Structures are given as C-alpha cells and as structure tokens.
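**Student:** Structure, please.
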Amino acid sequence: MNYPKDLEKLINYYEKLPGIGEKSAERLALATIEFNDEEIKEFSDTLINAKKNLTRCTICGNITDEDLCSICRDETRNKNLICIVEEFKNIAPFEKSGKYHGTYHVLNGLISPIDDIGPEDINLQSLISRVSTLPNSELILALKPTVEGETTTLYIKKVLEDKKVIISRLSYGIPMGAEIDYLDNVTLEKALEDRKKISEY
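**Tutor:** The predicted structure is shown next:
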C-alpha cells in the first residue's frame, strides 16, 4: 500500500527497532498517529528526554540518569561479586530472578575479529581498573555461548591472570547461541548456582 510520505517515514523508523518487521512497524505507526495532540507531545518529549538524560554508569556501564546506576549505589550489594554481561538489557533477567545480589559490568559488545571489533572497542579497560581496586573478587562471565562470547571470555581470563580474582562462568545448561535476556528464571538461577570456575588465584 502506498502510504503518505510522512507515514512511510514513521514506519521506516519503527522498522529500525530490533524484532520489528514491516507489518509490526505499520501497526505501530498507525496506532501512533491515532494519539491525540497531548499524547503525541508527551511521547515526543519522552523520547527526547530519554536520549538527552540517559547515560552510562561510570562504574559498571549500565544505563542510568545519574553518574552511578541504582545497583552501584546500593550498599547492600556484594561489590566483590561482578557479573559480566554483553549489554545492559542482559541485566534485567538477573534482577527479575531476585537471586543475584552482586554487581554488574556491561561490556557494550563482544570481541569479534571478523567484525573488526577488538578489546579496545568494548568496555574492558574499566573492568581491569575496577578489579584492581577489589582484591579477592569473583567475576561471573554471563556471555552468550558463541564464538564471540568464547573469544571475549578467553581474553578476560588472560588479561586478569595475574590479578587476585576468581573467574567463573554460567553453567552450560544454557543452550548454545541463547540470548541471556530470553532465559527463564529457573534456567538462569540454575546456571548461576552451577557456575564453573575457569580461573582462580
């Protein structure tokens, strides 16, 4: 169907969202233009404010609207237990499970030589600096079981081998190629409980 140019543009923007195909983008765009003027303004302001105000936590790299995210500010958390994830959205399943009480470190990507992504292109240097200030800490690698995840795991193990840190990984009950944020609570809890040490001082 030939939509007006402005509507086509709106549909195209919705298609940029992950998991949104052409039909879903059409439905979202058509629903959006049904908003009244006040709702459209609130929607627009919300997008603008989210883009303007949201930033990365200076400690862990999680999304936040302050210097530190709510998890890093929480004094009841075990600061010596750090769960390493690829993206900030991977944190949600751990928090929803209610079984993890440590902190996190968001890499914002994985090492992938084929895509020309090296260690310097992800949030690794801050992790190394962070571990240096936390003796006797444990890192739990919660990276997806892919070539990129394995490459990143091996690199982290190597660069931290002279530090006083235990490195473990989620158990292999997680299916190959599975996305962390799609795991159910039971599987995730079991993977945490059965984590395997791959390096210790």
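
**Student:** Quick check: phi and psi on the most centrally placed residue in the chain?
**Tutor:** The chain has residue 87 as the residue nearest its centroid, 2.0 Å off, counting by C-alpha atoms, centre = their mean. Torsion angles at residue 87 (phi, psi; degrees, to the nearest 10) stand at phi -130, psi 160.

**Student:** and residue 93, how many neighbours?
**Tutor:** Using other C-beta atoms under 10 Å, residue 93 has 21 other residues around it. In short, each C-beta sits where N, CA and C put it, glycine included.

**Student:** residues contacting the residue nearest to the centre of the chain?
**Tutor:** Contact analysis of residue 87 by C-beta atoms under 8 Å, 6 or more residues apart in numbering lists 106-109.

**Student:** do you know how far the closest residue to residue 20 other than its chain neighbours is from residue 90?
**Tutor:** The spatial neighbour of residue 20 that comes closest, neighbours along the chain excluded (C-beta to C-beta, 6 or more residues apart in numbering), is residue 14 at 5.6 Å. Separation of residue 14 from residue 90 (C-beta to C-beta, to the nearest Å): 24 Å.

**Student:** More neighbours: which of these two?
**Tutor:** Between residue 14 and residue 90, counting by other C-beta under 10 Å, residue 90 is the more crowded of the two (21 against 18).

**Student:** doesn't residue 142 make contact with that one?
**Tutor:** Yes. Using C-beta atoms under 8 Å, residue 90 makes contact with residue 142 at a distance of 6.7 Å.

**Student:** now the helices for this protein?
**Tutor:** Applying DSSP state H to the chain gives helices spanning 5-15, 22-32, 37-53, 70-73, 91-97, 125-132, 147-159, 185-193.

**Student:** Residue 116: which of those is closest?
**Tutor:** helix 147-159 (12.4 Å; C-beta to C-beta).

**Student:** In the closest one, which residues are buried?
**Tutor:** Buried residues in helix 147-159, counted by 16 or more other C-beta atoms under 10 Å: 148-149, 151-153, 155-157.

**Student:** how far does it sit from the chain's center?
**Tutor:** Distance of helix 147-159 from the chain centroid (C-alpha atoms, centre = their mean, to the nearest Å) equals 17 Å.

**Student:** Could you report the pLDDT at the residue nearest to residue 138 when sequence neighbours are not counted?
**Tutor:** Leaving out its chain neighbours, the residue that sits closest to residue 138 by C-beta to C-beta, 6+ apart is residue 166, at 4.3 Å. pLDDT recorded at residue 166 is 92.

**Student:** do residue 142 as well
**Tutor:** On the pLDDT scale, residue 142 gets 92.

**Student:** which residues sit in contact with it?
**Tutor:** 83-85, 90, 94, 169-170, 180.

**Student:** And residue 35, by the same measure?
**Tutor:** residue 43.

**Student:** again, only using 6 Å
**Tutor:** Residues in contact with residue 35 (C-beta atoms under 6 Å, 6 or more residues apart in numbering): none are found.

**Student:** before we move on, the earlier item: is it possible to export the contacts of residue 142 to CSV including distance to residue 130 and pLDDT?
**Tutor:** Formatted as CSV, these follow (distance: C-beta to C-beta, whole Å; pLDDT from 0 to 100):
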residue, distance to residue 130, pLDDT
83, 13, 96
84, 11, 96
85, 14, 96
90, 18, 93
94, 18, 90
169, 18, 85
170, 20, 79
180, 21, 61
